[in-house]
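Participant: attaching a predicted model along with its sequence, questions to come.
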Number of protein chains: 4
Amino acid sequence: MSSPTLDDRRFVLSLGTPDRTGIVAAISTFLADAGASIVEAAYHADTAGGWFFTRQAVSAASLPIGLDELRRRFEPVAAELGPGTEWRLEDSTDRKRVVLLVSREGHCLHDLLGRAASGDLPMDICAVVGNHPDLETVTTRHDVPFHYVPFPKDPAERGPAFEEVRRLVDVHDPHAVVLARFMQVLPAELCEHWAGRAINIHHSFLPSFVGARPYHQAFSRGVKLIGATCHYVTAELDAGPIIEQDVIRVDHTDEVPDMVRRGRDIEKLVLARGLRWHLEDRVLVHGRKTVVFD
Amino acid sequence: MSSPTLDDRRFVLSLGTPDRTGIVAAISTFLADAGASIVEAAYHADTAGGWFFTRQAVSAASLPIGLDELRRRFEPVAAELGPGTEWRLEDSTDRKRVVLLVSREGHCLHDLLGRAASGDLPMDICAVVGNHPDLETVTTRHDVPFHYVPFPKDPAERGPAFEEVRRLVDVHDPHAVVLARFMQVLPAELCEHWAGRAINIHHSFLPSFVGARPYHQAFSRGVKLIGATCHYVTAELDAGPIIEQDVIRVDHTDEVPDMVRRGRDIEKLVLARGLRWHLEDRVLVHGRKTVVFD
Amino acid sequence: MSSPTLDDRRFVLSLGTPDRTGIVAAISTFLADAGASIVEAAYHADTAGGWFFTRQAVSAASLPIGLDELRRRFEPVAAELGPGTEWRLEDSTDRKRVVLLVSREGHCLHDLLGRAASGDLPMDICAVVGNHPDLETVTTRHDVPFHYVPFPKDPAERGPAFEEVRRLVDVHDPHAVVLARFMQVLPAELCEHWAGRAINIHHSFLPSFVGARPYHQAFSRGVKLIGATCHYVTAELDAGPIIEQDVIRVDHTDEVPDMVRRGRDIEKLVLARGLRWHLEDRVLVHGRKTVVFD
Amino acid sequence: MSSPTLDDRRFVLSLGTPDRTGIVAAISTFLADAGASIVEAAYHADTAGGWFFTRQAVSAASLPIGLDELRRRFEPVAAELGPGTEWRLEDSTDRKRVVLLVSREGHCLHDLLGRAASGDLPMDICAVVGNHPDLETVTTRHDVPFHYVPFPKDPAERGPAFEEVRRLVDVHDPHAVVLARFMQVLPAELCEHWAGRAINIHHSFLPSFVGARPYHQAFSRGVKLIGATCHYVTAELDAGPIIEQDVIRVDHTDEVPDMVRRGRDIEKLVLARGLRWHLEDRVLVHGRKTVVFD
């Protein structure tokens, strides 16, 4: 795993395609012919699903051509790989645009603002949208615009609020829409619209404790570990492709408020890891599962 | 945490009682009056449930009296604590009797036989009962009797087989009946009969993936961690009080057979830890949850 | 483990004393006589060292008297316990005063400022002192004063700078002086002056990789885990009593910059955990080791 | 990660070579031309050291030729890669020969015998050599020959004993010589003779606590985690290339015997993981470090 820096510029190819013999040869011969020095490479063949995934990072300095030209030349190679092939070629030094959705809990927001400020994640936080005003101060102190969109009590009347959120997000054409403890369920239409870009952190080890108040559920069941799950948002609640999960140990002395407090640390770590992999083009989605080349 | 040895004999009091002021004072004054040197002590007040739990280990050598006399003298102290109080006073050097139930998967059996042989767990394995004959050789090589009880295909006809298992187990009056990857669901009546003594290892991080083929369920869902759960058996499938859980990381390269193989390591560790705590009187059950003084 | 809140005010007794029979009885009888309801209690007997440690939290609401009176009444009980006994009685709702020392790396500072702002740790950050000016902006944005104390290149001439740091710290009479990636070695005299209050985060799993550039050392050795250690500062470099440690997995793909980046997450978590335990009076130091009642 | 089975036969190429452009293209074109379907592939470029590593597993069933022919055809490809190139081509269904060296502690031996018996590791344990007779019974019960080689007290007189061990090992021409808690330091000459094949489990998180009695050292230092390290044996004590490490949490209640007991679980797991990777040709050594394609 490596963090992109200006001294260390890479072009990153990520690709999913129907599996057959010769894919690696085709891609690596293309890269070798272009003079590219491969710095990082990973492959995965999903034998059951008949699908092949790869991510390759080449040193930009090793190439006599730029990203656009490399993309242009790769097009016929990809076309040969057959129908269903999906690929991207990205510059690791391009900072990604991110919009955050929040409610009242600020730990994930604090953490992401700190990471953006210190250059720990390759992103610009373009805006924060909250359905409560609580997190405005911390956001604006980081020179990030905060938009407060109040949500009506009645779920049936929330359509216009979601429309407003959508407008505030889409103006930035973001690479990622992060639900950083945003406590509203996105309508199916928005899930579809942001498919592959909307990332949620759920405060349980899914599929345990789907839905509301997972720490209460965990306490009631008497589990010995609590967890957090970072996943892409889909129309089915808490059922989208999982990017990352982790857990911490609890015991009989931990009541719900203790779980809430201790869970914050694992939530923010899991979200930051999942978001990093997304921003670094390390996550390939196939069906309801992910391949993560970390 | 300490392992009892002959050089290090302890009397262990474990107790659950309705919470009120003065319980610790009553117990510790009793022990001090008896001259007992407390080597290990733990307390827990379940404030929501209004229940108090404690485990105290005293040096046997510090006492002028034996275990029976200590028990006799403690009776009036416990009686003062009010209705519902449950307590035990045990000698840490008494080896506990254990019977194992198995099917075909041998990793937990191998591990427990090895631990018994090397004195790692304070137990004698009195017998192993299997509904398949596969694990007879490894069992008898450790000089432990193996009983093969074939189970009919039709669940409706399994009553006599369970009766036979019950008989083979109960003859040893065991402190623990361990379902070491025993692939039959115990009838409610047996769960009741062995309540607080029957311990199962389930190969998932419960409450995720209850029931059959949890690794297949985990693979299908695309989770990033797989786990194991050691719990007391109750009539509701995989829903008994949890003693211990742990997880290991998996990724997109792990197919079901990899999960099965890698899961074996976590299953045997979690079972061994949970069983140790049970045998060392570190687990107090209250409702559907446990207090574990590890 | 529980976080103190105003609804949940506790008086916390922590005590270390020469071990002998009857200590628990003496303390618990005292508390019961005062009418105190014990919410959390932990004991530890260091049999080799002949020392006994306890921490007991009682519900303030259960007591008819205040903290000062409780302290006054406990004095004769403690006096009975013999020479060398050390104890504190604290109010869990008192916020502790903390001063942070920093250099250029901001991740621990960001994390602690965020935790203070959101009430996650029971502390007020009174001031931040830096030997570089880099972290002034983030500090003052949180309305915390920042003091820049430049340090001369020549170690022999740093005395006045350390004097200035000492003055800036001591004006707050802090409960904790946190070296949040402060890259200067404290002089022995300051270590002594802040003994039991100065807390450092070292970016290795001590005792591996003492001193400078531990990630470079780790990379060179080819270890498969990197870690962080939170410890009290003593005159011997990186050798003070350890409060908390943790590790994360690395592999052959992680070069030094990757370790630095990934290590930041474990450093800030380990420091936050260790600091919490210190602030909640959960850490008792004895010799070069700690007892942590977490 | 996948376990080789007869249904799932693979030819595994592992290779280290000076880094330059076109290596992947050369290898993957070769494999594609041979008709090989790549099931698993991993690459690593050590940019600082200028070395390139790869491991590729191809489905044997996808090839019209056998392993010997594949090796023969690969020779000129490897020759092209330049001086210093090292490679192996192995059949994943070939069971590897392993000899174990032991002393008195049996937990690693028990674990490896169990894994061999249940097919969990792709190995045949040809023999066990002990410098104490304690573990003869458990070994022979698994139908494995045990050789007792007594060692003289005086280190200066141990030469003949080591000669005897060497003879008993070499007769099997083993793929791995596992020091499964063997408490004798191998002479430099034997380290050299078995270079790349002798694997040790050390009961600490190296480089902490090199040499004797690491748990005593850990207890004395007051660390909060203890660990185990699986590494190749070299002439410098406990300094060979590390294959795998892991840790478990301890606290102030764990005295040396507790660490010894709890450490056993992590020792046997770490050894089993490291040995698996060695046997599956997943470990490439370069200098004093390893690349592990797990």
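Facilitator: That came through, no problem.

Participant: burial count for the residue of the stretch 1-150 of chain A found nearest chain B?
Facilitator: Proximity of the stretch 1-150 of chain A to chain B (Cβ to the nearest Cβ) peaks at A:His44, 5.8 Å away. Glycine gets a C-beta too; all of them are placed from N, C-alpha and C. When neighbours are counted by other Cβ atoms under 10 Å in any protein chain shown, A:His44 registers 24.

Participant: kindly report the same for A:Cys230.
Facilitator: Neighbour number of A:Cys230 under other Cβ under 10 Å is 27.

Participant: so what's whatever residue of the stretch 151-294 of chain A ends up closest to chain D up against?
Facilitator: Closest residue of the stretch 151-294 of chain A to chain D, Cβ to the nearest Cβ: A:Arg249 (8.4 Å). Applying Cβ atoms under 8 Å, 6 or more residues apart in numbering or on different chains, we find A:Arg249 in contact with A:Lys224, A:Leu225.

Participant: tell me the pLDDT of it.
Facilitator: Turning to A:Arg249, the model gives it a pLDDT of 96.

Participant: how close does it get to C:Asp294?
Facilitator: 11 Å (Cβ to Cβ, to the nearest Å).

Participant: with A:His172 instead?
Facilitator: A:His172 is 43 Å from C:Asp294, by Cβ to Cβ.

Participant: longest helix anywhere in chain A?
Facilitator: Counting residues, the longest helix found in chain A (DSSP state H) is helix A:256-279.

Participant: can it be found next to chain C?
Facilitator: Yes. Helix A:256-279 is in contact with chain C by Cβ under 8 Å from any Cβ of the partner chain, via A:Pro257, A:Asp258, A:Arg261, A:Arg262, A:Arg264, A:Asp265, A:Leu269, A:Ala272.

Participant: helix/strand/coil for the closest residue to A:Tyr232 other than its chain neighbours?
Facilitator: Nearest residue to A:Tyr232 in three dimensions, chain neighbours excluded: A:Gly240, at 4.3 Å (Cβ to Cβ, 6 or more residues apart in numbering or on different chains). Secondary structure for A:Gly240, judged by DSSP: H, G, I helix; E, B strand; the rest coil, is coil.

Participant: what about A:Gly240, how many residues nearby?
Facilitator: With other Cβ under 10 Å as criterion, A:Gly240 counts 25.

Participant: wait, doesn't it sit right on A:Thr229?
Facilitator: No. The criterion here is Cβ atoms under 8 Å, and A:Gly240 misses it with A:Thr229 at 9.7 Å.

Participant: which strands or helices does the helix or strand bottoming out on mean pLDDT in chain A pack on?
Facilitator: Lowest by mean pLDDT, DSSP states H and E among the helices and strands of chain A is strand A:38-46, with a mean of 86. The contact analysis (3 or more Cβ pairs under 8 Å, 6 or more residues apart in numbering or on different chains; DSSP states H and E) places strand A:38-46 against helix A:23-33, strand A:51-59, strand D:38-46.

Participant: 6 Å instead, please
Facilitator: Secondary structure elements in contact with strand A:38-46, counted by 3 or more Cβ pairs under 6 Å, 6 or more residues apart in numbering or on different chains; DSSP states H and E, are strand A:51-59, strand D:38-46.

Participant: make CSV from the ones you listed and add distance to A:Glu157 to it.
Facilitator: Formatted as CSV, those follow (distance: least, Cβ to Cβ, whole Å):
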stretch, distance to A:Glu157
strand A:51-59, 43
strand D:38-46, 53
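
Participant: nearest to D:Arg88, of these?
Facilitator: Smallest distance to D:Arg88 across these (Cβ to Cβ): 14.7 Å, for strand D:38-46.

Participant: figure out how far the closest one is from the centre of its chain.
Facilitator: Here the centre of strand D:38-46 is set off from its chain's centre by 20 Å, with Cα atoms, centre = their mean, to the nearest Å.

Participant: give me the residues contacting it.
Facilitator: A:39, A:41, A:43, A:45, C:252, D:19, D:52-59, D:291, D:293 (Cβ atoms under 6 Å, 6 or more residues apart in numbering or on different chains).

Participant: by neighbour count, which of those residues wins?
Facilitator: When neighbours are counted by other Cβ under 10 Å, D:Ala57 leads the contacts of strand D:38-46 with 27 neighbours.

Participant: and the residue of the stretch 151-294 of chain A closest to chain D, bridged to which residues?
Facilitator: Assessed by DSSP bridges, A:Arg249 has beta-bridge partners A:Leu225.

Participant: taking the residues of helix A:256-279 next to chain C, please make a PyMOL selection of just the buried ones.
Facilitator: Those of the residues of helix A:256-279 next to chain C that count as buried under 16 or more other Cβ atoms under 10 Å in any protein chain shown are selected in PyMOL with:
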select buried, chain A and resi 257+258+261+262+264+265+269+272
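
Participant: need the residues of helix A:256-279 next to chain C in TSV (columns: pLDDT).
Facilitator: Output for those, formatted as TSV (pLDDT from 0 to 100):
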residue	pLDDT
A:Pro257	93
A:Asp258	94
A:Arg261	95
A:Arg262	95
A:Arg264	96
A:Asp265	96
A:Leu269	97
A:Ala272	98
